[in-house]
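Trainee: using only what follows, build the 3D model:
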Amino acid sequence: MIRYIRFTFAMLAVLGMASHSVMADPIADRKENFRNNVKSLKLIQPALAAGDMDVISGEANRIADWAKVMPDYFPEGSDMGDTKARPEIWKNWADFIAKAEANHDAAVTLADLAAAGDTDALPMAMKALSDTCGACHKLYKY
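Mentor: Reported below is the predicted structural model:
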């Protein structure tokens, strides 16, 4: 039984790595993920006003999930073509990674606050999340 469990986890890990390493079109894929990110942000805004903690937490977690893998969608050479990504991303890779991590952390904070029902802290957490988006766009998007 333990062998079966280990084998299952090993296969899931291999499949997970394969899904991240093989991208047919990283530019199209990241654009789609960013569009989904914007949809999440647009769903969070009215949910804040309505006090819908489930929507806030769920959408913030989606943003966090994207932020965690976002740098994978910027392989070298994907600054050419139909993209608004600036070459500075690859010149300042460590800063780009730090900004993706800040976005992830801000989204997790928002999700956690919503899950805890901390309505007083949500507006500032939403602003912090929004600020992480803007900080990256300012430097790394045309």
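Trainee: I'd say residue 108 and residue 60 touch.
Mentor: Yes: with contact defined as CB atoms under 8 Å, residue 108 counts as touching residue 60 (7.4 Å). For the C-beta atoms, the positions are set from N, CA and C on the backbone; glycine is no exception.
Trainee: okay, those two: which has more neighbours?
Mentor: Neighbours per residue, other CB atoms under 10 Å: of residue 108 and residue 60, the larger number sits with residue 60, 29 against 19.
Trainee: next, count neighbours for residue 87.
Mentor: The number of residues packed around residue 87, counting by other CB under 10 Å, is 10.
Trainee: wait, it sits on residue 79?
Mentor: Yes: counting by CB under 8 Å, a contact exists between residue 87 and residue 79, whose distance comes to 5.1 Å.
Trainee: quick check, pLDDT for the closest residue to residue 44 other than its chain neighbours.
Mentor: Leaving aside its sequence neighbours, residue 44 sits nearest to residue 59 (CB to CB, 6 or more residues apart in numbering; 5.0 Å). What the model reports for residue 59 is a pLDDT of 98.
Trainee: for residue 59, give me its contacts.
Mentor: If you count contacts by CB atoms under 8 Å, 6 or more residues apart in numbering, residue 59 has them with 40, 41, 43, 44, 47.
Trainee: same thing but 6 Å
Mentor: Under the criterion of CB atoms under 6 Å, 6 or more residues apart in numbering, the contact list for residue 59 reads 40, 43, 44.
Trainee: report the buried members of the residues you listed.
Mentor: In those, burial by neighbour count holds for 40, 43, 44, counting by 16 or more other CB atoms under 10 Å.
Trainee: for residue 39, see how far away residue 76 is.
Mentor: The gap separating residue 76 from residue 39 is 29 Å, by CB to CB, to the nearest Å.
Trainee: re the thing from before, any residues in contact with both of residue 108 and residue 60?
Mentor: What both residue 108 and residue 60 touch, as defined by CB under 6 Å, 6+ apart, is an empty set.
Trainee: re the thing from before, wait, which of the contacts of residue 59 is closest to residue 101?
Mentor: Within the contacts of residue 59, proximity to residue 101 (CB to CB) peaks at residue 40, which comes in at 18.1 Å.
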